[in-house]
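*Asks:* build me a structure from this.
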Amino acid sequence: MKSNKATGPDDIPADVWKLLGDRGPIRLLCHAVKVFERALEARLRKIGSVSLNQSGFVKDCSTIDAIHAIRILLEKHREKNRSVHLAFLDLEKAFDRVPHELLWMSMRSHRVPEEYVRWTKLLYALSALYDVLLEQAGHFLYK
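*Replies:* This is a model prediction of the structure:
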């Protein structure tokens, strides 16, 4: 890229790209997508709600909250001399193993606008593309 030339459709001068190094375009694209993801997430949260029992992927909630809820449950059952049965599931890489078509069906069944379903599909596709880009960038750039 030559310096001091007109910018492209992104309005970012070539000098800025040079400062970012070889992986700059991928990094910038990742940040732009994160901004879009947050905007889409905010719209989706207005449509649906997360169960009060859920502590994963909830702002200001952690495994400590889940452990606290379990302790309260156990104490209440102990006070009433009742048995309680618990099961703990560790869903390794659950995000990767859920068939995406089920996600789209679930979104539609919860009356999520089709536009949001399409944007979510695009973000999933971009996520897979980033994995390939980042893996291949090193091989391509440093031969």
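*Asks:* show me where pLDDT drops low in this structure?
*Replies:* 1-5, 7-30, 90, 95, 128, 130-143 (pLDDT under 70).
*Asks:* and the helices in it?
*Replies:* In the chain, helices defined by DSSP state H lie at 14-20, 24-47, 63-79, 94-97, 100-109, 114-141, listed in chain order.
*Asks:* so which elements touch the third one?
*Replies:* To tie it back to what came earlier, the one meant is helix 63-79. Counting contacts by 3 or more Cβ pairs under 8 Å, 6 or more residues apart in numbering; DSSP states H and E, helix 63-79 is packed against no other helix or strand. C-betas here are computed from N, CA, C, even on glycine.
*Asks:* spatially nearest residue to Ser83 (excluding sequence neighbours)?
*Replies:* His77 (7.0 Å; Cβ to Cβ, 6 or more residues apart in numbering).
*Asks:* now Leu86
*Replies:* Among residues not flanking Leu86 along the chain, Ile70 sits closest, at 6.9 Å (Cβ to Cβ, 6+ apart).
*Asks:* next, count neighbours for that neighbour.
*Replies:* Residues near Ile70, counting by other Cβ atoms under 10 Å, number 13.
*Asks:* thinking it is in contact with Phe88, fair?
*Replies:* No. Under the criterion of Cβ atoms under 8 Å, Ile70 is not in contact with Phe88, lying 9.2 Å apart.
*Asks:* quick one: neighbours of the closest residue to Val58 other than its chain neighbours, just the number.
*Replies:* The shortest distance from Val58 to any non-neighbouring residue, by Cβ to Cβ, 6+ apart, is to Val50 (5.8 Å). Counted with other Cβ under 10 Å, the neighbours of Val50 add up to 13.
*Asks:* quick one: contacts for Ala66?
*Replies:* Ser55, Gly56 (Cβ atoms under 8 Å, 6 or more residues apart in numbering).
*Asks:* give me the distance between Lys121 and Phe88.
*Replies:* As defined by Cβ to Cβ, to the nearest Å, Lys121 lies at a distance of 32 Å from Phe88.
*Asks:* more crowded one of those two?
*Replies:* Higher neighbour count among Lys121 and Phe88: Lys121, with 15 against 6, using other Cβ under 10 Å.
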